[in-house]
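**Student:** below is the sequence, then the predicted model.
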Amino acid sequence: MRIFIDADACPVKDETYKVAARYQLKVFVVSNSFVTIPVSPLIERRIVDAGPDVADDWIAGEVQPGDIVVTNDIPLADRVLKSGGAAIAPNGRPFTPDSIGSALAQRSIMEHIRSTGEITGGPRPFAAADRSRFLQALDEAVNRERRRRR
């Protein structure tokens, strides 16, 4: 079991490192540019070429059943789930096979609305409660996979 962080603009990298250290899990921090990471044999930085979906493609190509991916990217979460991995948004919302279809549909609708010039606002600001939900969701995902492997 490994954890992958879609690191560009991810607000919960430090929380992910703490959970990974508790369970001694390898973490891959994947981004298009340099991201500072703690010095640890468990944490590895992967800088990929700039461009749309390059980091997502790298993560999707590496993820295996039982791995966990931290991402806000709904299409990446869909690819992760199809590979047998788990995907969690930084706000603590787990992507599941039951929820991914509606998330993809809503994303498509919002893209269409924005393409017409409509101003939709954007996501609400990241809050301390989101950080707490994320920590709980990541811990639950790790423990669920550990139980499954027994």
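**Tutor:** Looks like it came in fine. This one's a predicted model, so the numbers in the text were calculated from it and none came from an experiment. Residues are numbered from 1 along each chain as shown.
**Student:** residues in contact with stretch 43-57?
**Tutor:** Residues from elsewhere that reach stretch 43-57, judged by CB atoms under 8 Å, 6 or more residues apart in numbering: 6-8, 17, 20, 26-35, 37, 58, 71, 73, 75-76, 79. Bear in mind the C-beta positions are built from the backbone N, C-alpha and C, glycine included.
**Student:** going through those, which ones are buried?
**Tutor:** Using 16 or more other CB atoms under 10 Å as the burial test, these include 6-7, 17, 20, 27-31, 35, 37, 58, 71, 73, 76, 79 as buried.
**Student:** so which of those residues belong to helices?
**Tutor:** Among the buried ones among the contacts of stretch 43-57, the residues falling in helices (DSSP state H) are 17, 20, 58, 76, 79.
**Student:** which residues touch the first one?
**Tutor:** The reference is to Y17. 27, 37-38, 40, 43.
**Student:** now the lengthiest helix in the chain: how far from the chain's centre is it?
**Tutor:** Criterion DSSP H: the longest helix present in the chain is helix 128-149. On the basis of CA atoms, centre = their mean, to the nearest Å, helix 128-149 sits 12 Å off its chain's mean C-alpha point.
**Student:** pretty sure A103 belongs to a strand, no?
**Tutor:** No. A103 sits outside any strand when classified using DSSP: H, G, I helix; E, B strand; the rest coil, being helix.
**Student:** quick revisit: any residues touching the longest helix of the chain, and which ones?
**Tutor:** Defining contact as CB under 8 Å, 6+ apart, one finds that helix 128-149 is touched by 1, 3, 11-12, 15-16, 18-19, 23, 25, 66, 68, 70, 86, 88-94.
**Student:** just the buried ones from these, in PyMOL syntax?
**Tutor:** Those of the contacts of helix 128-149 that count as buried under 16+ other CB under 10 Å are selected in PyMOL with:
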select buried, resi 1+3+12+15+16+19+25+66+68+70+86+88+89+90+91+92+93+94
